[in-house]
Structure formats: C-alpha cells, structure tokens
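J.: starting from these lines, generate the structure:
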Amino acid sequence: MIFFDAHTLSSLVLIAVIGGVLGLDRTAAGQFMISQPIVAGPIIGWILGDATVGLIIGALLELIWVMDMPIGTFVPADSTAVTVSSTAIAVLGGAGEPVLPVIGFSILLTVGMVPITTVAEHRSRKWMSKLADMAIAAPGEVVGQRLARAHLSGLVVFFLKSFIVYLVLLPLGLAAIVLFRQMPDTIHRAMELFVKFLPLVGVAAVVRKLSIRTADRFLLAGIVAAAILSMAFHVPAVFITAVTVGLGWIGVRYGER
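T.: This next block holds a predicted model:
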C-alpha cells in the first residue's frame with residue numbers, strides 16, 4: 001500500500017527542487033555535465049539514501065542517451081528527468097523489494113513518460129522565444145536590459161518546467177510501483193532480465209550512432225577491464241558496470257573532438 005506520509009511528501013518536493021536545478025544544466029545554465037544520467041543518478045540516490053541504485057540507473061541511461069546533444073533546434077529526450085524520476089521512484093517505492101525488478105520497472109515507466117517531458121520542453125522553448133522577441137522589439141537603449149531580464153526569467157521558466165513535471169510524475173510512479181508489486185513473479189523476472197540486457201542495447205546504440213569502423217580503444221578497454229575484474233577479483237557488479245560505462249563514455253566524448 002502506498003504511503004504518502006510527511007517524509008515521502010517532503011522527499012518528493014526535495015527531489016523536484018534538486019531535479020529542477022539539475023535540469024538547468026542541460027541547456028539553460030552552466031552545462032557542467034551534472035545533468036548527465038551518470039552524474040544525476042548517483043546524486044539523487046545519495047540524497048535518498050541509496051547511491052548504488054542511482055549509479056546503476058544512471059549508467060544504464062547514460063549508455064542509451066550519451067550521443068543525444070541539444071544542438072541547434074534538436075530537442076533530445078530529457079534524460080535528466082528520466083534518470084531523476086527513475087531513481088527516486090526506485091528508491092522511495094522499492095523498499096523491501098528485490099532491487100533489479102524495481103529498477104527495471106522504474107526505468108520502463110519513466111522512459112514511457114518521455115513524450116510528456118518533451119512537450120514541456122517545447123512549450124518552455126516557445127515561451128522563451130516570445131520573451132526574446134519582445135526584448136528585441138524594445139527601444140534601442142533598453143534592448144540589452146530586456147534581453148538580460150529575459151535570460152534570467154528563462155532560468156525560472158525552465159526550473160518551474162522541471163519542478164512541475166517531477167511533482168506530477170513522481171507520485172504517479174510511486175502509485176504504479178504499488179500495482180507492480182501485485183503483478184505475477186513472471187513480470188518481476190522479466191523486469192530483472194530487462195535490466196540485465198539493457199547495457200547491450202546501450203552499447204549497440206552508441207556503436208550505431210558513432211558508425212564505428214575501427215575498434216574503439218576506450219570501449220574495448222572497458223570491456224576487457226570488466227571481464228578481468230569479474231573473473232579475477234570478484235568485485236561487485238555495479239563497479240564493473242561503472243568501469244565499462246565510464247571508459248565507454250570517455251571514448252564517446254574523446255571521439256567528438
């Protein structure tokens with residue numbers, strides 16, 4: 001049974017605020033890469049008391065969307081919103097449940113909500129375009145001031161966009177977790193397999209987008225390191241995933257230069 005007590009409600013508001021700040025890093029301000037799934041996931045997980053779940057979700061989603069850049073008029077899927085929502089739903093709603101099935105269901109659920117975040121992003125950008133047009137239409141001596149105000153108000157617009165989206169998606173996700181708990185064990189096993197095979201989908205997506213014709217030394221180093229660590233030292237699976245994704249991420253970023 002879902003429990004929206006004071007602690008859960010305060011956690012939802014806190015995550016909505018932090019998620020809104022992280023979302024600004026995508027395009028509106030900074031772009032310090034803290035909005036990337038591999039960073040945003042562990043941050044949210046750590047705040048909620050389970051950084052491991054955040055790292056797993058962030059690593060999986062980073063592989064899928066690592067090549068989607070908000071360049072020009074292209075508006076990629078809001079991977080930050082998906083990561084923050086998935087992590088929060090998995091941690092807050094998965095208490096006492098096996099980790100992987102809940103993670104799989106949370107990712108599947110929030111990825112299905114991407115159209116909602118995309119619509120919100122488009123509306124925010126249209127509103128910002130109107131503000132810019134109004135500023136440019138002002139008398140010459142105040143154009144600079146109006147543009148500055150429009151830019152600052154844009155930060156508020158994008159923050160509120162993310163904040164409201166989280167306040168809508170997170171309670172719905174927690175309610176969906178209740179239904180997931182009542183589903184048959186076959187569904188739970190399917191979600192566990194979904195999580196285990198998702199890295200293959202991510203690697204395939206990276207390879208396809210890069211159109212790799214020669215071996216990527218960083219990605220190969222990650223795969224080899226993961227194999228050695230798993231066989232020789234029996235390190236945790238989450239660490240192996242982090243090494244593979246980290247070196248693959250370096251290869252992608254290095255290849256863009």
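J.: can you classify Thr27 by secondary structure?
T.: Of the three states, Thr27 takes coil under DSSP: H, G, I helix; E, B strand; the rest coil.
J.: longest single helix anywhere in the chain?
T.: In the chain, taking DSSP state H as the definition, the longest helix is helix 143-181.
J.: give me the neighbour count for the nearest residue to Ile38 once chain neighbours are set aside.
T.: Among residues not flanking Ile38 along the chain, Glu62 sits closest, at 4.1 Å (CB to CB, 6 or more residues apart in numbering). For the C-beta atoms, the positions are set from N, CA and C on the backbone; glycine is no exception. Around Glu62 there are 24 other residues, counting by other CB atoms under 10 Å.
J.: any idea of the pLDDT on Glu62?
T.: pLDDT, Glu62: 83.
J.: again, but for the one 10 residues further on
T.: The predicted local distance difference test score for Gly72 is 57.
J.: list of residues touching stretch 81-91?
T.: 11-12, 15, 18-19, 22-23, 37, 40-41, 44-45, 48-50, 53-54, 57-58, 61, 99, 102-103, 106-107, 109-111, 113-114, 117, 162, 165-166, 169-170, 173-174, 176-177 (CB atoms under 8 Å, 6 or more residues apart in numbering).
J.: mind listing which of the residues you listed are in helices?
T.: 11-12, 15, 18-19, 22-23, 37, 40-41, 44-45, 48, 53-54, 57-58, 61, 99, 102-103, 106-107, 109-111, 114, 117, 162, 165-166, 169-170, 173-174, 176-177.
J.: filter these to the buried ones?
T.: By neighbour count, with 16 or more other CB atoms under 10 Å, those hold 11-12, 15, 18-19, 22-23, 37, 40-41, 44-45, 48, 53-54, 57-58, 61, 99, 102-103, 106-107, 109-110, 117, 162, 165-166, 169-170, 173-174, 176-177 as buried.
J.: what sits against Arg123?
T.: Neighbouring residues of Arg123 by CB under 8 Å, 6+ apart: Lys161.
J.: what helix or strand is it on?
T.: Under the criterion DSSP states H and E, the helix or strand holding Arg123 is helix 114-136.
J.: separation between Phe163 and Ala120?
T.: As judged by CB to CB, to the nearest Å, Phe163 and Ala120 stand 11 Å apart.
J.: same question but for Gly49, I mixed them up
T.: Counting by CB to CB, the gap from Gly49 to Ala120 is 28 Å.
J.: those two: who's more crowded?
T.: The neighbour count for Gly49 versus Ala120, taken as other CB under 10 Å, is higher for Ala120 (19 against 10).
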